[in-house]
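Colleague: 3D, please:
(one chain, ligands or ions: 1)
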Amino acid sequence: MDIKREINIGLLGFGTVASSFYHIFSEQKKELGSIFSIPINIKKIFTRGSGHPVPENIKKLTVKNAGDILEDGSIDIVIELIGGIQPAGDFIIKAVSNGKSIITANKALLAEHGEEIFKKCTEKKAHIGFEAAVGGGIPILRAIKNGLAGDKVKSVYSIINGTSNFILSKMTNEGGKFGDVLKKAQERGYAEADPSLDINGTDSAHKIAILGRLAFSTSLSMADIIIEGIENITQLDISFAKELGYTVKLLGILKNEDSKIEARVHPTLIPSSSLLSKIDGVFNAFLVNAKFAGPLSITGYGAGGNPTASAVMGDVIEIVSRLVNGDIHQDFIISKIKNKLNVKSKKEIISRYYLRFSAIDRPGVLSKISGILGENFISISSMIQKGRKVEGSVPIVITTHEANEEELLKSVRECDGLDVISAKTTVLRIEDNIS
Ligand code: HSE
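Modeller: Prediction:
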C-alpha cells in the first residue's frame, strides 16, 4: 500500500461555495491533520478571476491554468466548484484519468453526464463525492446511500430548490409578487447564474436525477423526468389552494412501485397540515419512505455558501479517510447503478388534479365543462365559482378525484376549445398522501 505522507487538494473555482469552503477548511485544517496524523493542504486554487476576490494571503496558491492542478502529480483530490457542463466536465474526466479523486457540487453535470463520469471513476478506481450537489447542507445522499443501504426506498417527496420555495412561501405568506421575490432570492445568492433553471424546474430535476439513481440503483436521465416549473403560478391559485386546505409547493417526486418508477418535478397542491407545507424560505426538505425503516424526514438549508461548503467538507473527510487507509473500494452504490428500471410516462400517471378555468360568466358554462369531464371519465371532487373577475372572465376551480393524466389533459384541451373559455386552463396536481 502506498503510504500517504500528506494529502493535497486542488480547488477549481473561487465563487460563493468555494470561498466558504476555503474558510471552513482553514478553520478545521489543524484538527483534520491531527485526526489523520498527516497534513491536509489546499495546494492550489484555479480561478478565472470572475468569482469572489481571493484574499491577499492566499493569492500565492492561485493558478490561471486548470492544467496546473489536473497535471500536478502531488494533488490527490480535485474539488470542482466551477459549475456548468463545460469546461467542468473535461476537467473532472482529466483529473480522474490522472488518478485523482473528485468532489463536486455540479448537479447539472452529474444529472446530464453522471453515468459517464461514474464509469470513468470505476475504471480508474477513483473516489467521487457529490453530497453538495443535492440539498445544500442536508446530508441526504449519505442518508440514502449509506444509512438506507440495506433497505429499499419506495418514495421520496422533496422540496429541492431553495429559490422556488423562497418565492412560493413569500407569495403564500406575504402576498409578494413573483418578480420582486425572485430578485430577493438572487440578491441572497440562492438562485442559479441563470435563474430560469430554478423557476422552470430544471435545477430540481437535475437533483432528482442524481437522487433517483442512488435511491433506486437505476440509470436515470433528464428525459425520464416530467418537469414543470412555477412560472405560471399566480396569487389566484395560491389563494384558491388555501381555500381548499392546500399549499402550493414545487415538489420533486420519486416513486418505485413494482419496479416501475415515477420521476417528476412540478408545482403541487399538498395539504396545509402536512410537514412539507410548513417548509418555508430557502429550506429544502426530504420525506423518504423506505420499506423497512418506514417514513423518514430531513430538512435544512438547501442553498447558500456555508451549508453547501459543509457538504463538501463531509466529502473531503470521507475521501481523505479512504485514501489514508488505502481503501480502494469505491462507493458501492455507484457501481450498483447498472440497471435501467422502467420509468412511467405522463400517460401512466394517476393523480388528483386542480383545474382553474377562465370562463365567460354566462349560463350553461359549468354544465359544458362538467359534461366534457364526465365524457372522459373524470370525476369531480369539488368546485368553486365566485364572481371574481380576472380581466373580464370568471375563475372556476374544479378539483378531481384520481384520474389518468392523459384523459385529464385531453378533456382540458377540449374545454379550452369552447368559446366560453377565455384563457388556457391551469392544471396542477394534488398529492394528498405525502409520507
Ligand atoms: N439554485 C439552487 C437553489 C441552489 O435555489 O436551490 C442550490 O442548489
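Colleague: Provide the backbone phi and psi angles at residue 403.
Modeller: phi -140, psi 160 (degrees, to the nearest 10).
Colleague: pretty sure it contacts residue 349?
Modeller: No. Residue 403 lies out of contact with residue 349 (C-beta atoms under 8 Å); the separation is 9.6 Å. Where C-beta positions appear, they are placed from N, C-alpha and C, glycine not excepted.
Colleague: ok, the two, which is more surrounded?
Modeller: Between residue 403 and residue 349, residue 403 has the larger neighbour count (other C-beta atoms under 10 Å), namely 21 against 18.
Colleague: Just list the residues touching the more buried one, thanks.
Modeller: 350, 351, 352, 353, 377, 378, 379 (C-beta atoms under 8 Å, 6 or more residues apart in numbering).
Colleague: Around the ligand, pick out the residues from this structure.
Modeller: The chain comes close to the ligand at residues 136, 161, 162, 163, 190, 191, 192, 198, 203, 302, 303, as judged by C-beta under 6 Å from any ligand atom.
Colleague: Which stretches in the stretch 1-150 of the chain count as helices?
Modeller: 16-36, 67-70, 88-97, 107-124, 140-142 (DSSP state H, counting those that start in this stretch).
Colleague: Just name the most buried of the ones you listed.
Modeller: Comparing the helices of the stretch 1-150 of the chain by mean neighbour count (mean count of other C-beta atoms under 10 Å), helix 140-142 comes out on top with a mean of 24.
Colleague: Quick one: mean pLDDT over that helix.
Modeller: If you average the pLDDT over helix 140-142, you get 96.
Colleague: How much space separates the nearest residue to residue 124 once chain neighbours are set aside from the ligand?
Modeller: Of all residues beyond its chain neighbours, the one nearest residue 124 is residue 96 (5.2 Å), with distances taken as C-beta to C-beta, 6 or more residues apart in numbering. Distance of residue 96 to the ligand, given as C-beta to the nearest ligand atom, to the nearest Å: 23 Å.
Colleague: these two touch, right, residue 96 and residue 102?
Modeller: Yes. Using C-beta under 8 Å, residue 96 is in contact with residue 102, at 6.1 Å.
Colleague: any residues in contact with both of those two?
Modeller: In contact with both residue 96 and residue 102: 117, 121, 126, 128, using C-beta under 8 Å, 6+ apart.
Colleague: For the second one, which non-adjacent residue is closest in space?
Modeller: Right, the one you point to is residue 121. According to C-beta to C-beta, 6+ apart, the nearest residue to residue 121 is residue 128 (4.8 Å).
Colleague: domains of this protein?
Modeller: 7-137+305-336, 148-300, 346-430 (automatic domain parsing).
Colleague: same question for the longest one, mean pLDDT?
Modeller: If I follow you right, that is domain 7-137+305-336. Rounded mean pLDDT across domain 7-137+305-336 is 93.
Colleague: try the last one
Modeller: Taken as a whole, domain 346-430 carries a mean pLDDT of 92.
Colleague: Any stretches of the stretch 201-350 of the chain with poor pLDDT?
Modeller: Applying pLDDT under 70 to the stretch 201-350 of the chain flags residues 330-338.
Colleague: ends of stretch 69-89, how far apart?
Modeller: 15 Å (C-alpha to C-alpha, to the nearest Å).
Colleague: Quick check: buried residues in it?
Modeller: 69-70, 72, 75-83, 88-89 (16 or more other C-beta atoms under 10 Å).
Colleague: Stretch 43-50 too?
Modeller: By neighbour count on 16+ other C-beta under 10 Å, the buried set for stretch 43-50 is 43, 44, 45, 46, 47.
Colleague: can you list contacts of that stretch?
Modeller: Contacts of stretch 43-50 (C-beta under 8 Å, 6+ apart): 8-14, 18, 22, 54, 58, 61-66, 68-69, 72, 74-75.
Colleague: what's the offset of it from the middle of its chain?
Modeller: Distance of stretch 43-50 from the chain centroid (C-alpha atoms, centre = their mean, to the nearest Å) equals 27 Å.
Colleague: just stretch 21-34 next, same as before
Modeller: 28 Å.
Colleague: quick one on the thing from earlier: tell me which two in the shared contacts of residue 96 and residue 102 are the farthest apart.
Modeller: The largest separation in those, counting by C-beta to C-beta, is between 117 and 126 at 9.6 Å.
Colleague: any shared contact partners between these two?
Modeller: 96, 102.
Colleague: Quick check: most distant residue from the centroid of the protein.
Modeller: Farthest-out residue of the chain from its mean C-alpha position, per C-alpha atoms, centre = their mean: residue 363, at 45.3 Å.
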